[in-house]
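In: quick one, structure for this:
(chains A and B)
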Amino acid sequence: QKEVEQNSGPLSVPEGAIASLNCTYSDRVSQSFFWYRQYSGKSPELIMSIYSNGDKEDGRFTAQLNKASQYVSLLIRDSQPSDSATYLCAVISSKIIFGSGTRLSIRP
Amino acid sequence: EAQVTQNPRYLITVTGKKLTVTCSQNMNHEYMSWYRQDPGLGLRQIYYSMNVEVTDKGDVPEGYKVSRKEKRNFPLILESPSPNQTSLYFCASSLLAGETGELFFGEGSRLTVL
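Out: Prediction:
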């Protein structure tokens, strides 16, 4: 079992809809969780961090954390074509571990 | 402009020919690290450094060396590159001397070893 798992996609979502990206992790003591966005041919960019159970909102982005289920998700409201990218989940327990990413495609 | 700068951005080399990928950050960050990114495997940490003269192995250190003689620079050295080191490499830095997860990445260096 991978330590941080994401569905590789591609996830295709119509413009204006909600995109939901999911990530599960195996280490129960993980404390810090991050979402990075990576456009094709570019470097990862941090877009959200979350440290406690519940929701954290930043503009059109909402990160959700459920430590009991070892599950973290990213919701993107009012999806735009510019949201088309690969989204990397990262988890820190003793070290930072990245998932392999979910490719998101927003269709006009 | 705050940035992490890597050079070269693209490199094709041959097996066994030593090469260095430079990384420099201008944000006075304590923490620096190197990752490689391969399809289906995500980002894997090669080496990291909490501070000057302090470096440690990540998950895939074999075949690589690093040094941190100055705070701003963290070069990655491939003493004898092999084809399995063909990959996309990212340098990253973070303000604090620890794995905070809040990383600033360089633009990446695509290396091909023939």
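In: which pLDDT does the model give residue A:93?
Out: Here the pLDDT value assigned to residue A:93 is 82.
In: same deal with the one 5 residues further on?
Out: With respect to pLDDT, residue A:98 has a value of 93.
In: got it, and residue B:2?
Out: pLDDT at residue B:2 comes out at 84.
In: sec struct for the spatially closest residue to it that is not a sequence neighbour, please.
Out: What sits nearest to residue B:2 in space, not counting adjacent residues and going by C-beta to C-beta, 6 or more residues apart in numbering or on different chains, is residue B:27, at 4.9 Å. Every residue, glycine included, has its C-beta placed from N, CA and C. With DSSP: H, G, I helix; E, B strand; the rest coil as the basis, residue B:27 sits in coil.
In: contacts only, for residue B:27.
Out: B:2-4, B:93, B:95, B:104 (C-beta atoms under 8 Å, 6 or more residues apart in numbering or on different chains).
In: could you identify which of the residues you listed has the most neighbours?
Out: Per-residue neighbour counts (other C-beta atoms under 10 Å in any protein chain shown) across the contacts of residue B:27 peak at residue B:93, which has 27 neighbours.
In: who does it form a beta bridge with?
Out: Residue B:93 has the following beta-bridge partners by DSSP bridges: residue B:32, residue B:104.
In: mind listing the strands for chain B?
Out: Using DSSP state E, the strands of chain B run over residues B:4-7, B:10-13, B:19-25, B:31-38, B:42-51, B:54-57, B:65-66, B:76-78, B:87-94, B:104-105, B:109-113.
In: ok, which of the ones you listed comes nearest residue A:90?
Out: Nearest of these to residue A:90, taken as C-beta to C-beta: strand B:42-51 at 8.1 Å.
In: direction included, what does that closest one pair up with?
Out: strand B:31-38 (antiparallel), strand B:54-57 (antiparallel).
In: what residues does chain B have near chain A?
Out: Contact residues, chain B versus chain A (C-beta under 8 Å from any C-beta of the partner chain): B:35, B:40-45, B:58-59, B:90, B:99-108.
In: ok, the worst-scoring helix or strand of chain A on mean pLDDT: who's next to it in the sheet?
Out: Taking mean pLDDT, DSSP states H and E as the measure, the helix or strand of chain A with the lowest value is strand A:96-98, at a mean of 91. Counting by DSSP bridges, the strands paired with strand A:96-98 are strand A:85-92 (antiparallel).
In: so which pair among the contacts of residue B:27 is furthest apart in space?
Out: Once C-beta to C-beta is applied, the contacts of residue B:27 give B:3 and B:95 as the farthest pair, at 14.1 Å.
In: centroid-nearest residue for chain B?
Out: residue B:34 (2.9 Å; C-alpha atoms, centre = their mean).
In: contacting residues for the closest residue to it other than its chain neighbours?
Out: Among residues not flanking residue B:34 along the chain, residue B:46 sits closest, at 4.3 Å (C-beta to C-beta, 6+ apart). Contacts for residue B:46 (C-beta under 8 Å, 6+ apart) come out as B:33-36, B:58-61, B:64, B:66, B:76, B:89.
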